[in-house]
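# Can you look at this prediction? I've put the sequence above it.
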Amino acid sequence: MQVVTRTYSGKGAKELMDVLEKHKADVESLLRSVKGFVSYTLARSGDGGFSVTVCNDKAGIDESAQKAKDWVAKNAGSTGVGAPRVSDGTVIVHLK
């Protein structure tokens with residue numbers, strides 16, 4: 001399995017989290033449509049928030065990243081949020 005985190009901070013990050021929370025059903029539907037989707041978590045932090053996406057393979061991670069980017073541009077572009085800090089890797093332990 002593969003994992004990616006997207007961390008949003010700075011200008012517009014808190015507003016983005018508000019938009020994502022308001023549209024969480026849309027976000028869920030979008031991410032569940034990713035081939036190989038395993039799990040998704042969105043959390044607030046002191047200066048914005050971050051997401052953790054787990055997929056079966058790199059192709060799923062790449063698809064989720066593109067869908068997230070497109071969704072933010074279409075639905076939250078007015079927040080002025082910058083690109084997230086992205087970290088990805090191979091899952092060592094995944095507990096449910």
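Sure thing, it's come through. Numbers count the residues shown, from 1 in each chain.
# all strands for the protein, in order.
2-9, 37-45, 48-55, 85-90 (DSSP state E).
# Could you find the closest non-adjacent residue to K35?
Spatially, and ignoring its direct neighbours in sequence, K35 is nearest to G60 (5.8 Å; CB to CB, 6 or more residues apart in numbering). Placement of C-beta: from N, CA and C, glycine included.
# quick one, what contacts the one you found?
Residues near G60 by CB atoms under 8 Å, 6 or more residues apart in numbering: 2, 34-38.
# picking up where we left off before, quick one, which of the strands of the chain is nearest to S78?
Evaluated over the strands of the chain, closeness to S78 peaks at strand 2-9, with 14.7 Å, by CB to CB.
# strand partners of the closest one, parallel vs antiparallel please.
Here strand 2-9 is paired, per DSSP bridges, with strand 48-55 (antiparallel), strand 85-90 (antiparallel).
# Would you mind finding the most buried of the ones you listed?
Across the strands paired with strand 2-9, averaging neighbours per residue (mean count of other CB atoms under 10 Å) puts strand 48-55 on top, at a mean of 20.
# relative to strand 37-45, how tilted is that one?
Counting by axes from the mean of the first three to the mean of the last three CA atoms, to 10 degrees, strand 48-55 lies at 170 degrees to strand 37-45.
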